[in-house]
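> missing the sequence, but the structure's below:
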C-alpha cells in the first residue's frame with residue numbers, strides 16, 4: 001500500500017527553523033570543545049590548588065574561568081566588566097563556560113590574584129606542549145631564541161596626563177624666573193621615581209614615551225611564539241639575589257635592572273624549567289653586546305650562533321689590518337678578505353680561514369692575481385682568526401654579510417609578539433594597578449596564545465598560529 005504524504009503546517013516549519021538557529025553553537029566554540037582537552041592542558045598542581053579540601057567549596061569550576069578568559073581574549077574585550085556584559089547577554093557563551101550565573105567582577109579579580117602562580121605553571125606546560133608544533137611549522141625558525149624586555153603600564157595616577165600637566169605647570173612657573181631653564185626638560189626631573197600607590201611601577205622610558213610600568217622579559221622563538229615570560233618583581237630578585245635590587249630609600253643610587261643584566265637570570269629560569277629544550281641560535285639587539293654575554297651564551301647555554309649587532313659606543317677594534325667587524329683587510333688597499341669558513345685539524349683549536357680577495361681558483365688550485373702582492377706565496381696571503389679568543393667579533397656567524405642581515409631580520413618577531421600581547425590581548429587597556437594582577441594577565445595572555453597554537457594545529461589551520469582573530473572568524 002502506498003504511503004500517504006502529510007503536509008507540514010507553515011507555523012511548524014517556522015518554529016523548527018527558529019529553534020535550530022537559536023540552539024546552534026557557533027563553529028568556533030564547537031571547535032574549542034572538539035579539539036582542546038582542558039583536562040589535559042590544565043596542570044595537576046593547578047587543579048590541586050583550586051579544588052583543595054580546605055576552605056569553602058567553589059561555586060564555579062576551574063575550567064569555566066579558563067574558558068571565560070579565552071573568550072575575553074578572542075573577542076578582544078578590554079575589561080572584565082565587558083566580559084561580564086557579554087556573558088549576561090549570550091546564552092551560548094554562558095553554556096560554553098558552564099556558568100549557571102555569571103560571576104561577579106571581584107571573583108574574576110580574586111581568581112587572578114590567588115592563582116597567579118598556577119597560571120604561570122600552566123603557561124610553562126603549554127610551552128612544552130607547543131614546542132613540537134612550532135618545529136613542525138618551521139624547524140629552522142623554531143630553533144631561534146629571541147629575547148627582549150618590555151614594560152606593562154599600570155593604572156596609577158602618575159600615568160594620567162593630568163598629573164604630567166600639573167608638573168609641567170610647575171616647571172613653566174619656575175622657568176619664568178629663570179630664562180635659561182627649559183621647562184620641558186625640567187618637568188621630567190619633577191616626576192617621582194615610582195608610583196605612590198604601587199612602588200613596583202617605576203618611571204621608565206618604554207615604547208617611545210615615559211611612563212610608570214613594571215618591567216618584564218619576553219622570550220620567543222623565530223616564529224614569534226612566546227617561550228618564556230619573566231616579571232622583574234620581588235620574587236624574581238629573591239630567586240636571583242646576585243642582582244642588585246633597587247634601593248627605594250635612595251632613588252638617586254638605585255638602578256633599574258637593564259636588558260643585559262637580566263639576560264642570564266631569565267635564560268637560567270627558562271632552561272631550568274624546560275630541561276629538554278635546546279636552541280642553536282640566539283638573537284638580540286645591541287643592548288646585549290658584551291664580552292661576558294657572548295662567553296655566557298656560548299659556553300653556559302650552548303648556543304652555536306649569537307646574532308647580536310655591535311654597539312658602537314663600546315669601542316672599536318684596535319687590531320691592525322682588521323675592520324670593526326673582525327674581517328681581515330689587505331695591508332695595501334684595505335680590501336676585505338674572503339671567509340672560507342672553519343678550518344680545523346687534529347689537536348688544533350677551532351679557527352676561521354680568510355684568503356685575499358685577489359686569490360682566485362684556477363684549475364682546482366688557488367692562485368694570486370694581484371699586481372702588487374704583499375706576499376711571495378703564489379697561493380696568496382692567508383689569515384686565521386680564533387673565535388674562542390674573541391667571541392664578540394666571531395660569534396659563530398660572519399658579521400656584516402647578507403647571511404647575518406637575513407638572520408638578524410628575525411628579531412622583529414619579538415617586537416610584533418610584544419605588540420600582540422599588549423594590543424590584541426588588551427594589556428594596554430587594563431584598569432588594575434596591582435602587580436600581582438598585571439603578572440597574572442601577562443601570563444594569561446601568553447597561555448591563551450599557546451592554546452590558539454594548539455587549536456590551529458587541531459583545526460588544520462596552522463597558518464593562523466599567531467592570528468587568533470582569523471582563527472575565531
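In hand now; what should we look at? Bear in mind that the values here come from a model prediction, so they are computed numbers and not experimental data. Residues are numbered from 1 along each chain as shown.
> ok, residue 125 - how many residues close by?
By other CB atoms under 10 Å, 21 other residues sit near residue 125. All C-beta atoms are positioned from the backbone trio N, CA, C, and that covers glycine.
> how confident is the prediction for it, by pLDDT?
Note for residue 125: predicted pLDDT of 95.
> against residue 444, how distant is it?
14 Å (CB to CB, to the nearest Å).
> and if you look at residue 58?
19 Å.
> tell me which of the two has more neighbours.
Set residue 58 next to residue 444 and count neighbours by other CB under 10 Å: residue 444 wins out with 24 against 14.
> you'd agree the more buried one is up against residue 68?
No: taking contacts as CB atoms under 8 Å, residue 444 lies outside contact range of residue 68: 10.9 Å.
> now do residue 127: how many residues are near it, please.
A count of neighbours around residue 127, defined by other CB under 10 Å, yields 23.
> over to residue 101?
Neighbours of residue 101 under the rule other CB under 10 Å: 10.
> secondary structure element holding it?
For residue 101, there is no helix or strand it lies in under DSSP states H and E.
> report pLDDT for it.
93.
> all helices of the stretch 51-200 of the chain, in order?
For the stretch 51-200 of the chain, the helices defined by DSSP state H, counting those that start in this stretch cover 62-74, 80-88, 91-97, 105-114, 116-137, 161-176, 183-190.
> report all helices and strands that the third one contacts.
It stands for helix 91-97. In terms of contacts (3 or more CB pairs under 8 Å, 6 or more residues apart in numbering; DSSP states H and E), helix 91-97 is packed against helix 27-35, helix 62-74, helix 80-88.
> can I get these in TSV including distance to residue 186 and mean neighbour count?
Shown next, in TSV, are the helices and strands packed on helix 91-97 (distance: least, CB to CB, whole Å; neighbours: other CB atoms under 10 Å):
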stretch	distance to residue 186	mean neighbour count
helix 27-35	53	15
helix 62-74	42	22
helix 80-88	39	17
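> relative to residue 116, which of these is closest?
Among the helices and strands packed on helix 91-97, the nearest to residue 116 by CB to CB is helix 62-74 (12.9 Å).
> may I have the phi/psi pair for the closest residue to residue 84 other than its chain neighbours?
Residue nearest to residue 84 in three dimensions, not counting chain neighbours: residue 102, with 5.5 Å by CB to CB, 6 or more residues apart in numbering. Here is the backbone geometry of residue 102 (degrees, to the nearest 10): phi -80, psi 130.
> relative to residue 80, how far out is residue 102?
11 Å.
> kindly list the longest strand within the protein.
Secondary structure of the chain per DSSP state E: the longest strand is strand 209-221.
> quick one: list the elements packing against that one.
strand 144-153, strand 202-206, strand 226-231, helix 259-273, helix 412-419, helix 435-458.
> and the helices of the stretch 51-200 of the chain, which is most packed in?
Compared across the helices of the stretch 51-200 of the chain, helix 62-74 shows the largest average neighbour count, a mean of 22 (mean count of other CB atoms under 10 Å).
> thinking again about what came up before, what is the orientation angle of the longest strand of the chain with helix 161-176?
In terms of direction (axes from the mean of the first three to the mean of the last three CA atoms, to 10 degrees), strand 209-221 departs from helix 161-176 by 130 degrees.
> so in that sheet, which strands flank strand 209-221, and in what orientation?
When sheet partners are counted by DSSP bridges, strand 209-221 sits next to strand 144-153 (antiparallel), strand 202-206 (antiparallel), strand 226-231 (antiparallel).
> any low-confidence regions in the stretch 351-473 of the chain?
Across the stretch 351-473 of the chain, residues meeting the criterion (pLDDT under 70) sit at 472-473.
> where along it do the helices fall?
Going by DSSP H, counting those that start in this stretch, the stretch 351-473 of the chain shows helices at 402-408, 412-419, 435-458, 468-472.
> closest to residue 380 out of those helices?
helix 402-408 (23.5 Å).
> show me where pLDDT drops low in the stretch 151-300 of the chain?
Checking the stretch 151-300 of the chain against pLDDT under 70 turns up 244-256.
> so what's residue 326 up against?
Neighbouring residues of residue 326 by CB atoms under 8 Å, 6 or more residues apart in numbering: 317, 385, 390, 393-394, 399.
> drop anything exposed from these.
For those, a burial check counting by 16 or more other CB atoms under 10 Å picks out 385, 390, 393-394, 399.
> from what I see, residue 46 and residue 120 are in contact.
No: in this structure residue 46 lies outside contact range of residue 120 using CB under 8 Å: 9.9 Å.
> can you lay out the helices and strands packed on strand 209-221 as a markdown table showing distance to residue 217?
As requested, those are exported to a markdown table (distance: least, CB to CB, whole Å):
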| stretch | distance to residue 217 |
| --- | --- |
| strand 144-153 | 5 |
| strand 202-206 | 13 |
| strand 226-231 | 4 |
| helix 259-273 | 4 |
| helix 412-419 | 11 |
| helix 435-458 | 11 |
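> quick one: which of the ones you listed is nearest residue 353?
strand 144-153 (26.8 Å).
> how about the closest one: buried residues?
By neighbour count on 16+ other CB under 10 Å, the buried set for strand 144-153 is 144-153.
> tabulate the residues you listed (TSV), appending distance to residue 407.
Listed next are the buried residues of strand 144-153 as TSV, based on distance: CB to CB, whole Å:
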residue	distance to residue 407
144	8
145	12
146	11
147	15
148	16
149	21
150	22
151	27
152	29
153	32
